[in-house]
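Participant: Okay, predicted coordinates and the sequence, questions at the end:
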Amino acid sequence: MKKLILGLAITGSFLATAQEKTKSASPVTFGVKAGFNASTLSKADQYDNDQKLKPGFNAGIFAHIPVAEKFSIQPELLFSQLGSKTEEREVYYINSDRYSRDLDYKKTLNYLTLPVMVQYNILPQLYVEAGPEFGFLLGGKNKGDITVARNSGNTTTTETTTFSEDIVKDLHNKFNFGIGIGAGYYFTQNFGVTARFTAGITDIYKHNSGDAIRNNAFQVGVAYKLN
């Protein structure tokens with residue numbers, strides 16, 4: 001939490017300075033944005049199964065601050081759903097009985113994020129961007145289905161168990177840090193489309209004895225500048 005507060009303070013100071021520089025240039029504009037997340041967790045031993053992209057969404061507000069002819073700073077405040085989706089398939093035998101175990105599992109992590117993007121306009125309507133993203137964990141959920149089928153002779157029995165539970169926040173790091181790169185295109189002065197990939201740097205778990213597990217997300221969406 002202290003790291004997040006420090007990051008916000010540094011960002012606020014930087015943005016205040018940038019805003020002073022733009023008083024005689026283009027005005028600061030504000031806007032809203034929303035989009036789709038396709039997220040995974042970086043693979044370690046426990047995530048080496050058939051991991052799929054987990055769908056989620058992001059939504060929030062932003063400020064667009066020109067600092068030079070082609071450069072601008074865009075801080076954002078977003079609600080963002082990250083996590084992963086895993087599908088496991090396993091077959092095993094007990095005596096002469098054949099068992100198959102199917103697990104469909106989703107881990108959803110909800111964050112309040114503050115990306116601070118440095119944008120460069122290749123064309124007036126087209127830009128590329130890169131910058132840090134600070135995140136604070138709000139909560140999350142583990143949800144899935146476990147299906148076990150038992151084949152004994154000519155008889156097959158199937159049992160499905162569904163589970164849904166909140167994550168244990170004390171086991172997770174509340175602060176998340178990542179680096180984002182992306183691009184955007186404005187069809188009009190106000191309306192545009194965006195795309196961004198954010199790679200996590202920090203481990204999502206507090207006490208992880210193995211390889212670090214990090215958030216990774218590809219985001220696409222729309223943005224609207226308010227005049």
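Facilitator: Cool, the structure landed. Values in this document were obtained by computation on a predicted structure and should not be read as measured data. Residues are numbered from 1 along each chain as shown.
Participant: which strand residues sit across from Lys52 in the sheet?
Facilitator: Here Lys52 sits in beta bridges with Lys85, as judged by DSSP bridges.
Participant: Contact partners for it?
Facilitator: Contacts for Lys52 (CB atoms under 8 Å, 6 or more residues apart in numbering) come out as 40, 84-87. Yep, even glycine has a C-beta here, placed from its N, CA and C like the rest.
Participant: Narrow these to just the buried residues.
Facilitator: Buried residues within those, defined by neighbour count using 16 or more other CB atoms under 10 Å: 40, 84-86.
Participant: Save those residues as TSV, and put in pLDDT and distance to Val28 too.
Facilitator: Converted to TSV, those look like this (pLDDT from 0 to 100; distance: CB to CB, whole Å):
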residue	pLDDT	distance to Val28
Thr40	94	35
Ser84	93	37
Lys85	92	39
Thr86	88	43
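Participant: ok, so of these, who is nearest Leu109?
Facilitator: Comparing the buried ones among the contacts of Lys52 against Leu109 with CB to CB picks out Ser84 as the nearest, at 8.9 Å.
Participant: tell me the contacts of that closest one?
Facilitator: Contact analysis of Ser84 by CB under 8 Å, 6+ apart lists 39-41, 47, 51-52, 54, 106-107.
Participant: could you give me the average pLDDT of stretch 144-163?
Facilitator: Confidence over stretch 144-163 (mean pLDDT, whole number) is 89.
Participant: ends of it, how far apart?
Facilitator: With CA to CA, to the nearest Å as the measure, the ends of stretch 144-163 fall 6 Å from one another.
Participant: Name the helix or strand for the residue most central in space within the chain, please.
Facilitator: Averaging the C-alpha coordinates of the chain gives a centre point, and the residue nearest to it by CA atoms, centre = their mean is Leu82 (4.0 Å). Using DSSP states H and E, Leu82 maps to strand 71-94.
Participant: quick one: which of the buried ones among the contacts of Lys52 is nearest to Glu69?
Facilitator: Here the nearest of these to Glu69, counting by CB to CB, is Thr40; it sits at 37.9 Å.
Participant: and that closest one, what helix or strand is that in?
Facilitator: Taking DSSP H and E as the criterion, Thr40 maps to strand 29-41.
Participant: Adjacent strands (with direction) for that strand?
Facilitator: strand 54-66 (antiparallel), strand 215-226 (antiparallel).
Participant: quick one, that strand and strand 71-94 angle?
Facilitator: Angle of strand 29-41 versus strand 71-94, following axes from the mean of the first three to the mean of the last three CA atoms, to 10 degrees, is 20 degrees.
Participant: then strand 29-41 to PDB, C-alphas only?
Facilitator: The C-alpha atoms that make up strand 29-41 are tabulated as PDB, following Å, rounded to 0.1, in the frame of the first residue of the first chain:
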ATOM      1  CA  THR A  29      -8.600  16.900 -21.900                       C
ATOM      2  CA  PHE A  30     -10.400  14.300 -19.900                       C
ATOM      3  CA  GLY A  31     -12.200  11.200 -21.000                       C
ATOM      4  CA  VAL A  32     -13.700   7.800 -20.300                       C
ATOM      5  CA  LYS A  33     -12.700   4.400 -21.600                       C
ATOM      6  CA  ALA A  34     -13.800   0.800 -21.400                       C
ATOM      7  CA  GLY A  35     -12.800  -2.500 -23.000                       C
ATOM      8  CA  PHE A  36     -12.100  -6.200 -22.900                       C
ATOM      9  CA  ASN A  37      -9.300  -8.000 -21.100                       C
ATOM     10  CA  ALA A  38      -7.800 -11.300 -22.100                       C
ATOM     11  CA  SER A  39      -5.500 -12.300 -19.200                       C
ATOM     12  CA  THR A  40      -3.300 -15.100 -18.100                       C
ATOM     13  CA  LEU A  41      -0.900 -15.700 -15.200                       C
END
